[in-house]
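Novice: with the input below, show me the fold.
(2 chains)
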Number of protein chains: 2
Amino acid sequence: METDINVVIVGSIGLDDIETPFDKKKQLLGGSVSYACAAASFFSQTGMVGIVGDDFPAQYLDLYKNYGINLDGLQQVEGKTFAWSGVYDADMINRETISTDLNVFETFMPELPATYRKAPFLLLGNIAPELQLHVLAESENPEFVIADTMDLWINIARDSLMELIGKIDMLTLNDSEARLLTGKYHLRHCAETILSWGPKYVIIKKGEHGAMLFSENSIFIIPAYPVEAVVDPTGAGDSFAGGLIGHLATLGEVNDENIRAAMLYGSIVASFGVEEFSLDKLTKLDKVTIDGRCQEFKDMLTI
Amino acid sequence: METDINVVIVGSIGLDDIETPFDKKKQLLGGSVSYACAAASFFSQTGMVGIVGDDFPAQYLDLYKNYGINLDGLQQVEGKTFAWSGVYDADMINRETISTDLNVFETFMPELPATYRKAPFLLLGNIAPELQLHVLAESENPEFVIADTMDLWINIARDSLMELIGKIDMLTLNDSEARLLTGKYHLRHCAETILSWGPKYVIIKKGEHGAMLFSENSIFIIPAYPVEAVVDPTGAGDSFAGGLIGHLATLGEVNDENIRAAMLYGSIVASFGVEEFSLDKLTKLDKVTIDGRCQEFKDMLTI
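Specialist: Numbering: from 1, shown residues only, chains lettered A, B, ... in the order given. Reported below is the predicted structural model:
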């Protein structure tokens, strides 16, 4: 018997070349939907919407399958897979993009297969807001919709991004993007402005300093788990969002308390993810190990 | 009847000229012991050890007295009070020191009056480690000793700083200073190194990102309260340390749980402090208002 898909995630799939002060790797599995689906799959039956070229390594498809990710929404077409290369600074926080080759992503039109349309939880990963709107329109009465975005879309596609923001339940973005989007400086003011546009929740991500959840009446602050040695921070925000929605989907009701708990899980999956390149660490994880660090982290946050 | 002094704090007293992107103020009351004693005085009977010149405004002495700070350890001598001027960047986080005039501070030899010697809680604020050692030697069996330090002393007085670190219960310093002191990068490794030198506790301060408490078996992470509008961040670390030791002194036993609670109070006093220049906001505070924000902040941190 097939389990119903309860989380659907759309986003990019890339082959990444990454250089850090300590190492250099080529053709790594990357992209927002790779990280987010892997993270969500620890908790929920997850469906992936994305596109790869005919050069996409079969081993990476196997890796998706090993997570139990449903691939009905994954398109494989002629051409080359989206490719990104970047170099991290000495602090392993800031990075410079060396090259971005859209390749098959340039003409990507995501489509929700029939098996995905009734999924209650939808994560619109960081892609063009027009495509996020398209996926949202194909989804049938989702219970909770999260969208992530980035500075690029704020700069070049603000109108469609604003249309999207009016239709979702939660927006996630990082602190500098929240400032760029709203023209405000203080994060509380940024969040108030975004909430006034429609979403019930806003999460402002602060990288190695954690994240903040804002709703009409409440603020929640979660620091980042203090990882001993960050090897590759790529995809941490995507793992966070994937873990969050995957765990939230198991908690029944969506409310402030459950979102806080889900953010704890998202943070912890992300903390594991940065300990190795690409999805290497996530591949070795299991639910018990995740639960263990969640408990350890809760102890670190208890007053 | 006089109440026994249970918290003694030594540090600098300065007249500050401060420029922010929004305002410019001259001859403000500043210095680590001003902020720390004001913060501690909300909770505990606090004695001040410091020095001022004969130019020190009488109104500032009155302000100390209004807090109920005991001034037996305050020396007033011929000459000019220590003076500092600095300019904050647009982000209100980084600052540039324009001038530092040691003046009467140059020949300062702190002395503990008899009324201070049996005080159980001692905060050795940020001054030369030789002077911190001198004060510590005059103190009679203190129950808990916290020392704060800065990059200057790490660079020019490492030997006496190391001697001091071996004799205290808790060291507080900021993240870049922890790295400079230990030669390690990851804050967990910095803290492990410092703990191996003797202190039972290390607090690494991360400015607007909060602080971390390390002991042999435990880590505690507290973010900063999200202040709506920071007017003047000067002294925030000192208010934090003062609030911490002042509240801790009321909790009976010194243990991990009580230090966590005291850090909450230190954070909240510091969060009020940055909302106006100098000690202006602290002057208007009362215990009920502090308790209220502590509860609000705890709610923001609850998973």
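
Novice: and what about the closest residue to A:E275 other than its chain neighbours, helix, strand or coil?
Specialist: Spatial nearest neighbour of A:E275, excluding adjacent residues (C-beta to C-beta, 6 or more residues apart in numbering or on different chains): A:K281 at 4.8 Å. Where you see a C-beta, it was placed from the backbone N, CA and C, and this is true even at glycine. Under DSSP: H, G, I helix; E, B strand; the rest coil, the three-state class of A:K281 is helix.

Novice: ok, now which ones touch A:K281?
Specialist: A:K281 makes contact with A:272-275 under the criterion C-beta atoms under 8 Å, 6 or more residues apart in numbering or on different chains.

Novice: chain B contacts on chain A?
Specialist: Residues of chain A lying near chain B by C-beta under 8 Å from any C-beta of the partner chain: A:186-189, A:206, A:209-210, A:212, A:218-223, A:226, A:228-229, A:260-261, A:263-264, A:298-303.

Novice: the residue nearest to the spatial centre of chain A: what secondary structure?
Specialist: Closest to where the C-alpha atoms of chain A average out (C-alpha atoms, centre = their mean) is A:D238, at 2.5 Å. When classified by three-state DSSP, A:D238 comes out as helix.

Novice: contacts only, for A:A178.
Specialist: For A:A178, the contact set (C-beta under 8 Å, 6+ apart) comprises A:184, A:187, A:190-191, A:194, A:202, A:204.

Novice: got it, and A:S271?
Specialist: Residues near A:S271 by C-beta under 8 Å, 6+ apart: A:224-225, A:227, A:293, A:297.

Novice: equivalent analysis for A:S278, please.
Specialist: So A:S278 contacts A:16, A:25, A:28-30, A:232, A:234-235 (C-beta under 8 Å, 6+ apart).

Novice: out of those, the closest to chain B would be?
Specialist: Comparing the contacts of A:S278 against chain B with C-beta to the nearest C-beta places A:D232 closest, at 15.3 Å.

Novice: kindly export the lengthiest helix in chain A (C-alpha atoms) in PDB.
Specialist: Criterion DSSP state H: the longest helix present in chain A is helix A:256-273. Provided in PDB are the C-alpha atoms of helix A:256-273 (Å, rounded to 0.1, in the frame of the first residue of the first chain):
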ATOM      1  CA  ASP A 256       2.400  28.700  17.300                       C
ATOM      2  CA  GLU A 257       3.400  26.000  19.800                       C
ATOM      3  CA  ASN A 258       3.700  23.400  17.100                       C
ATOM      4  CA  ILE A 259       5.600  25.700  14.700                       C
ATOM      5  CA  ARG A 260       8.100  26.300  17.500                       C
ATOM      6  CA  ALA A 261       8.600  22.600  18.000                       C
ATOM      7  CA  ALA A 262       9.000  22.100  14.300                       C
ATOM      8  CA  MET A 263      11.600  24.900  14.100                       C
ATOM      9  CA  LEU A 264      13.600  23.000  16.700                       C
ATOM     10  CA  TYR A 265      13.600  20.000  14.500                       C
ATOM     11  CA  GLY A 266      14.400  22.000  11.400                       C
ATOM     12  CA  SER A 267      17.300  23.600  13.200                       C
ATOM     13  CA  ILE A 268      18.700  20.300  14.300                       C
ATOM     14  CA  VAL A 269      18.500  18.700  10.900                       C
ATOM     15  CA  ALA A 270      20.200  21.700   9.500                       C
ATOM     16  CA  SER A 271      22.900  21.500  12.200                       C
ATOM     17  CA  PHE A 272      23.700  17.900  11.100                       C
ATOM     18  CA  GLY A 273      23.600  18.900   7.400                       C
END
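
Novice: now that helix, how far from the centre of its chain.
Specialist: In terms of C-alpha atoms, centre = their mean, to the nearest Å, the centre of helix A:256-273 is set 12 Å apart from its chain centre.

Novice: buried set for stretch A:22-34?
Specialist: Residues of stretch A:22-34 classed as buried by neighbour count (16 or more other C-beta atoms under 10 Å in any protein chain shown): A:28-34.

Novice: the residue nearest to the centre of chain A against A:C37, yeah?
Specialist: No: under the criterion of C-beta atoms under 8 Å, A:D238 is not in contact with A:C37, lying 9.1 Å apart.

Novice: shared neighbours of these two, anything?
Specialist: Here A:D238 and A:C37 have no joint contacts, going by C-beta under 8 Å, 6+ apart.

Novice: can you list phi and psi of the closest residue to A:I165 other than its chain neighbours for me?
Specialist: Counting by C-beta to C-beta, 6+ apart, the nearest residue to A:I165 once its immediate chain neighbours are dropped is A:W197, at 5.1 Å. Comment: the main-chain dihedrals of A:W197 come out as phi -90, psi 0, following degrees, to the nearest 10.

Novice: give me the neighbour count for A:W197.
Specialist: Residues near A:W197, counting by other C-beta atoms under 10 Å in any protein chain shown, number 14.

Novice: kindly report the same for the one 5 residues further on.
Specialist: The number of residues packed around A:V202, counting by other C-beta under 10 Å, is 23.

Novice: do the same with A:K284
Specialist: Count around A:K284 with other C-beta under 10 Å applied: 11.

Novice: how about A:E96?
Specialist: Counted with other C-beta under 10 Å, residues neighbouring A:E96 total 10.

Novice: with A:F144 instead?
Specialist: 19.

Novice: repeat that for A:V135.
Specialist: Counted with other C-beta under 10 Å, A:V135 comes out at 25.

Novice: look up how far chain B lies from it.
Specialist: Taking C-beta to the nearest C-beta, to the nearest Å as the measure, A:V135 and chain B are separated by 31 Å.

Novice: just to check, that residue is in contact with A:F108?
Specialist: No: A:V135 is beyond contact range of A:F108, at 11.0 Å (criterion: C-beta under 8 Å).

Novice: returning to that earlier point: which two in the contacts of A:S278 are spaced the farthest apart?
Specialist: Pairwise distances across the contacts of A:S278 peak at 13.2 Å for A:K25 and A:G235 (criterion: C-beta to C-beta).

Novice: confirm A:E216 sits in a strand?
Specialist: No: with three-state DSSP as the criterion, A:E216 is coil rather than part of a strand.

Novice: the closest residue in space to it that isn't next to it in sequence: which element?
Specialist: For A:E216, ignoring the flanking residues on the chain, the nearest one in space by C-beta to C-beta, 6+ apart is A:L195 at 6.4 Å. Per DSSP states H and E, A:L195 falls inside helix A:187-196.

Novice: partner strands of the helix or strand following that helix and their direction?
Specialist: Beyond helix A:187-196 on the C-terminal side, the first helix or strand identified by DSSP H and E is strand A:201-205. If you go by DSSP bridges, strand A:201-205 pairs up with strand A:170-174 (parallel), strand A:211-214 (antiparallel).

Novice: tell me the angle strand A:201-205 makes with helix A:187-196.
Specialist: Counting by axes from the mean of the first three to the mean of the last three C-alpha atoms, to 10 degrees, strand A:201-205 points 140 degrees away from the direction of helix A:187-196.

Novice: for strand A:201-205, list the C-alpha coordinates in CSV.
Specialist: Taking C-alpha atoms only, strand A:201-205 is exported to CSV below (Å, rounded to 0.1, in the frame of the first residue of the first chain):
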residue,chain,number,x,y,z
TYR,A,201,3.7,33.7,10.1
VAL,A,202,7.1,35.1,9.1
ILE,A,203,10.4,33.4,9.9
ILE,A,204,13.5,35.5,9.6
LYS,A,205,16.6,33.4,9.3
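
Novice: residue contacts, A:V33?
Specialist: Residues in contact with A:V33 (C-beta under 8 Å, 6+ apart) are A:9-13, A:48-50, A:125, A:238.
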